[in-house]
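Undergrad: Prediction below, plus the sequence it came from.
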Amino acid sequence: MPALSCRPLRGWIVNSAMLLVVAALAALWPGPAAAWWNDQWSLRKKITIDTGPSGAAISDPIGATPVLVRLHVGNFRFATAKDDGGDIRFIAADDKTPLKHHVEKYDSLLGEALVWVSVPDLKVGAKNEIWLYYGNPKAPTAVDAKGTYDPDTVLVYHFAERGTPPQDTTAWANGAQSAVSAAEGAIIGQGARLDGQTAVTLPGSPSLVVAEGGELTWSVWLKMTAPQPRAVLFSRSEGANGVTIGLDNGVPFVEVTNAGSTQRSGDGAPIAVGAWRHLAVVARANQITLYLDGAAFSTLAATLPTMTGTAQLGSAAAGAPAADSAQPAASAPADAAAAPAASDAGSAAAVTTSAVSFAGDIDELQIAKVARPAGFIKLAAIGQGPEQAKLVSFSVDEETASWFSGYFAVILRSVTIDGWVVIGLLAIMAVISWVVMFDRASYLNRVERGNRAFLKHFRETATDFATLLQLDRAETDASFGGKVGTKQRKRILAAPLYRLFNLGAQEIRRRFHGNGGHHTLSPQAIESIRAVLDSGFVQETQRLNRLMVMLTIAISGGPFLGLLGTVVGVMITFAAIAASGDVNVNAIAPGIAAALVATVAGLGVAIPSLFGYNYLITRIKDTTSEMQVFVDELITRIAEAYDRQPAPPAAQAAE
């Protein structure tokens, strides 16, 4: 049979090697989603902020906003993080940009934490993603409370203090001037309790000054103890000007007094007692909007007056304009009868009910000197309240192994370009060696199956050698006498033993052709046939050993090529140290470790190739020994069948 060409196989090996190398590099190259921000952190999880229809369903603009992240034992491994949560880091969706954050509460024993994260660009109607990293005991604390809020946020009280006035979390330092009782179990950690008699005084700092017609956003969480007429939550006044935010028998309202003329927002349904609700007021241009739980509750066509003095939280400010005494006593009934209609219209009116201090719990007071968009208010109401699960969800933890994604990643980042060149060459060599091992193992498996099938046919089918020669003639009998099927016949035709037998059979037929019917072979002819079989044996041995040289190259050349990369890498490392003059372990260790990667890669090529070569060469030796035994057996059978002289004529006549 003609020998198979090596060119197609070599081309296939080269193409496969290149494709596998490209695929391996693509898999190892860190992509944006799979990258690890910092390998010193062992755990991370994806946090999804869903403003789309499946989540908070926010369709209005949001802008930059701090997002409350609630951690508990169900979504966070407190035992893995530092006791104070100092190793917590928040990273943007690109897995590169750290986000400002600060911790309002962190209790590793109870397993709960409240963290505020500044998300600069929340997209409306979409799923926004950020990363939470933790699990680094050596990490320093990196909270930034002032950086969590934008400069337009001028006051934020978390009410986490005990026995001291509430402190402002923003950069403006607008701390309160009086203390307030703590309220345990508030909507967000600890809140403040207003008993209807005491109030919290806010400072009259320049950052809290409200200009005439200016913008303002005010928000708070509240829980009403009982309905009260004209209960004041927030009040600020200056002369005949003032702003009051409160509840009138449970109905939220905002009231503006400008030059003695008072306007109040319209009525609505009262809120329930004992339930936490989010109340917000946004003033812009000539309109003031009152929001309840993120939805517009009422509006007021008015502008803010100029206010520079102090404000009160929980009661009317000192010197507030007394609208109920602005009218003469004789006209009070008429004015009182007209008050509801005027209130509904949001026009100037006299308020006949005296203000009282609010009694209940409050939490998370925020004041900004800009008018926040409606999406901002809705996100705060949902993201900070009991329905936070609609907005914020957590994925499972992703772990980085302490060796591969930790130390080994640091080493790989330190590998120089020459090291990568050597590693690339070794990768190609490794792919080629694996392809060769797979190809040779598959070929030997086919050879062994074919040899077994042929030997069974050779020893069982023909008791007479001449009959076997006749049966082997494929042009007259394609199924070896009808005793083997098509699949078995294909195996036999691929067997080296069959090819040797066919080679000997062809030599015998050639000598018998035109021999006048005398089927005898001289000793010289038998030796000539043996020589032909020996030639075929050599060819089959070469076929078995084809491409094995690639494994010997990988075994001997892989370690030396890796050593070359290591030596060059060490040279570059020491040259860089000499140039910089920085001689310390931290400067030397990464470079030396990276240089040794080339040696590791070389051994990674050589060791599997060595094992594969020894395994394959043992099987090849077994097959060649089987072929040698078969050649001897075949020559012996030929000699027995044809090495005899014809009987003398006298003997034939006697017979």
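TA: Noted; the coordinates are in hand. Numbering: from 1, shown residues only.
Undergrad: Gly385 contacts Leu279, doesn't it?
TA: No - the pair formed by Gly385 and Leu279 falls short of the contact definition of CB atoms under 8 Å, at 11.7 Å. Every residue, glycine included, has its C-beta placed from N, CA and C.
Undergrad: okay, and the common contacts of these two?
TA: Applying CB atoms under 8 Å, 6 or more residues apart in numbering, one finds that Gly385 and Leu279 are jointly contacted by Trp221.
Undergrad: Looking only at neighbour counts, state which of those two leads.
TA: Neighbour totals were compared for Gly385 and Leu279, and Leu279 leads with 24 against 19 (other CB atoms under 10 Å).
Undergrad: Can you classify the more buried one by secondary structure?
TA: strand (DSSP: H, G, I helix; E, B strand; the rest coil).
Undergrad: how close does it sit to Pro590?
TA: 56 Å (CB to CB, to the nearest Å).
Undergrad: Check Val356 too.
TA: 69 Å.
Undergrad: lowest-pLDDT helix or strand in this protein?
TA: Using mean pLDDT, DSSP states H and E, helix 332-345 stands out as the lowest-scoring helix or strand of the chain, at a mean of 36.
Undergrad: Packing partners of whatever helix or strand comes next after it?
TA: Scanning forward in sequence from helix 332-345 by DSSP states H and E, the next helix or strand is strand 356-357. The contact analysis (3 or more CB pairs under 8 Å, 6 or more residues apart in numbering; DSSP states H and E) places strand 356-357 against strand 231-238.
Undergrad: Stretch 380-397 - what's its average pLDDT?
TA: The pLDDT scores in stretch 380-397 average 94.
Undergrad: Start and end of it, how far apart?
TA: This stretch, stretch 380-397, spans 26 Å end to end (CA to CA, to the nearest Å).
Undergrad: Check which residues of that stretch are buried.
TA: By 16 or more other CB atoms under 10 Å, the buried positions in stretch 380-397 come out as 380-385, 388, 390-392, 394, 397.
Undergrad: again, but for stretch 52-63
TA: So stretch 52-63, judged by 16+ other CB under 10 Å, has buried residues 55-56, 58, 62.
Undergrad: Then stretch 281-289?
TA: 281-284, 288-289.
Undergrad: Stretch 604-614 now?
TA: 604-606, 608-610, 612-613.
Undergrad: what are the ranges of the helices in this protein?
TA: 7-28, 145-148, 332-345, 374-383, 388-391, 409-414, 417-460, 465-471, 486-493, 496-512, 523-544, 548-580, 585-642, 649-654 (DSSP state H).
Undergrad: Now do the contacts for the nearest residue to Leu425 once chain neighbours are set aside.
TA: Leaving aside its sequence neighbours, Leu425 sits nearest to Leu561 (CB to CB, 6 or more residues apart in numbering; 6.3 Å). Shown in contact with Leu561 (CB under 8 Å, 6+ apart): 422, 425-426, 429, 598, 602.
Undergrad: Identify the residues contacting Ala594.
TA: Shown in contact with Ala594 (CB under 8 Å, 6+ apart): 411-412, 414-416, 419, 569, 573.
Undergrad: Tell me the one among those nearest to Glu364.
TA: Leu412 (45.5 Å; CB to CB).
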